[in-house]
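Visitor: Below are the sequence and a predicted model for it; my questions follow.
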Amino acid sequence: MNKMQHKETGQNEWSLRSRMKRSKASYVMLVPYFVLFFFFTVLPVLTSIGLSFTSFNVLEPPKFVLWDNYIRLFLDDDIFKIAIKNTLIFAVITGPISYFMCLIFAWIINEFKGKTRALLTLIFYAPSISGNAYVVWNLILRGDRYGYLNGLLLKFDWINAAIIWMKTEKYVLPMLIVVQLWLSLGTGFLTFIAGLQTVDKTLYEAGAVDGIKNRWQELWYITLPSMKPQLMFGAVMQITSAFAVADISINLAGNPSVNYAGTTIVTHLLDYGSIRYEMGYASAIATILFLLMVGTNKVIQNALRKVGS
Amino acid sequence: MARDDGKPGRRLFRRRHKALNRSMAGNLTLFIFMGICAVFMGLPLVMVINNAFKPLDELFRYPPTIFVRNPGLDNFYDLVVLMSNSWVPLARYILNTVIITGGGTLGHVLFASFAAYPLAKHNFPGKKFLFSIVVLSLMFSWQVTQIPNYLIISRLGINNTYLAVMLPPFAFGLGLYLMKQFMEQIPDSLIESARLDGANEYKIYWTIIMPNVKPAWLTLAVLQFQNMWGNTGSAFLRDEQLKPLQYSLMQIVNGGPARTGAAAVVTLIIAAIPITFFIICQSSIIETMTTSGMKE
């Protein structure tokens, strides 16, 4: 890798004119994508930060209010406190668990070969790409005795009356976490499956000579250090989706959910953004979500960078 | 542990990678663990499939059953009747979906790969910076930019058109990221020799790079399709005639107990289409993901 870079820079110094000519083509090729990227990613983030310091209802021009939105969020908005709490519970539980699920399942699947491997990959990955089909959980968690979960528990006499899962405060969050975990073997999972296939096989043989006794040691001393880049990418995928939980809460528990038991930062954002049209306030929520996601990602990236060094 | 290491004859087998450091007890533990997890992951989708073929009395049976006893196509018939009575004809919804997902997917693959080539293979000032913003964009989800996006789309005057739904996904960060990582492994010598033959960068992109990154653009297409397929477009599309199939399908799912049968079929359709695309492209996708790691 280093060798290649040296060769490239050497060549560039050798002929500056051809380098400039080439750069022009590079910039031309970047323009279409980055113009759109600017309009639909960079500009929105900046706008959101800007709007968060205003009071804005779309009809009238935004009024500058400085820190008012943030003060209101943290001091007066009790539902936001619930939203933050729920989102953190979600992220702290589903983030790490889903990350390790991705890793462990990928690792086990890697022990299989050919068709079996492809089939197992499909079974585990399918839920995350089945789109809105998670509404099937509505049938599983149905509040009457026709629901699968109630039916099962009633059959074994573990409960004596059907539980209205999604309307009972203490069950909402745990059930949403289960559904979220079901959906969470996505891009990160595929990355790990692929990453495991790239680990140099001769390392395992060398490891066996050096006294590695079982597959667990092999995983810890050889496999994980070899796939550090994939581990970092997978972490980004899992963390970002763990903080963004909203759709499943709205479709399974309703918005607002009973006693706000399923309220997350994103459902709160939707409430103010698309129902109440308080865009300045909603932008403040979005900005906090942005800082929370990027901040967590940066911290975890730094931690993972230290693995094995 | 079940393997007898003492016998000299066994040593031959130990050379084979598969047998290295693997014990029977370990295999069994993992196999059972995997089985339980596979049931948890697979069962809901098994229910989706079975429910679609259940007659109404089985859908409302107590205790509820997972597997269908008398499979029939009643629900499919119900759905067809329901859809043919809708105010906007079914064909129009399907056409909208084809335009939105097809256009969005094609545009994304072209735009992302066009920009990924210079990022992967050229050296120019600002390269590191541009790529680092794209990586940063992977670290937050689209909900963060939802409100400004709505304002920007209105400002551009494309609200309530297909473009409002198609255009923002052209510039998704993940596609560019995966494409750039995959292109990096194309040998430089291949590009150099094309340059010596007098090809310009656009020609190299089209005739050398694109054919060599087929797994990557298939992956981008599948990922983008999944995104577009799940989109009901309700934030931007007000006209009923412009809305995609997913919108009308979700209306049926949310239609209450009277539509249980049709909704079961709809759920099957919603899940089956992206899963089918994945099955077709699975090996290309895995190949692309091998290069997805974050290098420093």
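Guide: Received, thanks.

Visitor: Let me see the mean pLDDT of stretch A:132-146.
Guide: Stretch A:132-146 shows an average pLDDT of 84 in the prediction.

Visitor: Would you mind writing the CA trace of that stretch as PDB?
Guide: What follows is stretch A:132-146, C-alpha atoms only, in PDB (Å, rounded to 0.1, in the frame of the first residue of the first chain):
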ATOM      1  CA  ASN A 132     -42.500  -2.000   6.800                       C
ATOM      2  CA  ALA A 133     -43.300  -5.700   7.200                       C
ATOM      3  CA  TYR A 134     -42.400  -5.400  10.900                       C
ATOM      4  CA  VAL A 135     -46.000  -4.500  11.300                       C
ATOM      5  CA  VAL A 136     -46.400  -8.300  11.700                       C
ATOM      6  CA  TRP A 137     -45.300  -7.600  15.300                       C
ATOM      7  CA  ASN A 138     -48.700  -6.000  15.700                       C
ATOM      8  CA  LEU A 139     -50.200  -9.500  15.400                       C
ATOM      9  CA  ILE A 140     -47.600 -11.000  17.700                       C
ATOM     10  CA  LEU A 141     -48.100  -8.300  20.400                       C
ATOM     11  CA  ARG A 142     -51.800  -7.900  19.900                       C
ATOM     12  CA  GLY A 143     -53.600  -6.900  23.100                       C
ATOM     13  CA  ASP A 144     -56.400  -9.600  23.000                       C
ATOM     14  CA  ARG A 145     -56.100 -13.400  23.200                       C
ATOM     15  CA  TYR A 146     -55.800 -13.700  19.400                       C
END
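
Visitor: Could I get the buried residue list for that stretch?
Guide: A:132-142, A:145-146 (16 or more other Cβ atoms under 10 Å in any protein chain shown). Every C-beta, even on glycine, is put in place using the N, C-alpha and C of the backbone.

Visitor: and what of stretch A:108-115?
Guide: Those would be A:108-112, for stretch A:108-115 by 16+ other Cβ under 10 Å.

Visitor: Keep only these that also lie close to chain B.
Guide: A:108-109, A:111 (Cβ under 8 Å from any Cβ of the partner chain).

Visitor: Where is the longest helix in chain A?
Guide: As assigned by DSSP state H, the longest helix anywhere in chain A is helix A:78-109.

Visitor: Below-threshold pLDDT in the chain: ranges please.
Guide: Since you didn't name a chain, this refers to chain A. A:1-22, A:308-309 (pLDDT under 70).

Visitor: not what I meant, chain B
Guide: Using pLDDT under 70, chain B drops low at B:1-21, B:296.

Visitor: and the closest residue to chain A within it, what does it touch?
Guide: Relative to chain A, the nearest point of chain B is residue B:293 (2.4 Å; Cβ to the nearest Cβ). Counting by Cβ atoms under 8 Å, 6 or more residues apart in numbering or on different chains, residue B:293 makes contact with A:191, A:195, A:227-233, B:181.

Visitor: got the phi/psi numbers for the residue nearest the centre of chain A?
Guide: In chain A, the C-alpha closest to the average C-alpha coordinate belongs to residue A:241, at a distance of 1.9 Å (Cα atoms, centre = their mean). Phi and psi for residue A:241, reported as degrees, to the nearest 10, are phi -70, psi -30.

Visitor: That one reaches residue A:184, doesn't it?
Guide: Yes: look at residue A:241 against residue A:184 with Cβ atoms under 8 Å: they come within range, at 6.7 Å.

Visitor: in stretch A:57-67, what counts as buried?
Guide: A:62, A:65.

Visitor: oh, I was asking about stretch A:269-278
Guide: Residues A:269-273, A:278 are the ones in stretch A:269-278 that count as buried (16+ other Cβ under 10 Å).

Visitor: restrict these to those near chain B?
Guide: Within the buried residues of stretch A:269-278, those near chain B by Cβ under 8 Å from any Cβ are A:269-270, A:273.

Visitor: Point out the ones among those that are inside strands.
Guide: With DSSP state E as the criterion, strands contain none of those.

Visitor: between those, which is nearest residue A:152?
Guide: Each of these was scored against residue A:152 by Cβ to Cβ, and residue A:270 proved nearest at 33.3 Å.

Visitor: what's the closest non-adjacent residue to that closest one?
Guide: Excluding the flanking residues, the one nearest residue A:270 by Cβ to Cβ, 6 or more residues apart in numbering or on different chains is residue A:246, at 6.7 Å.
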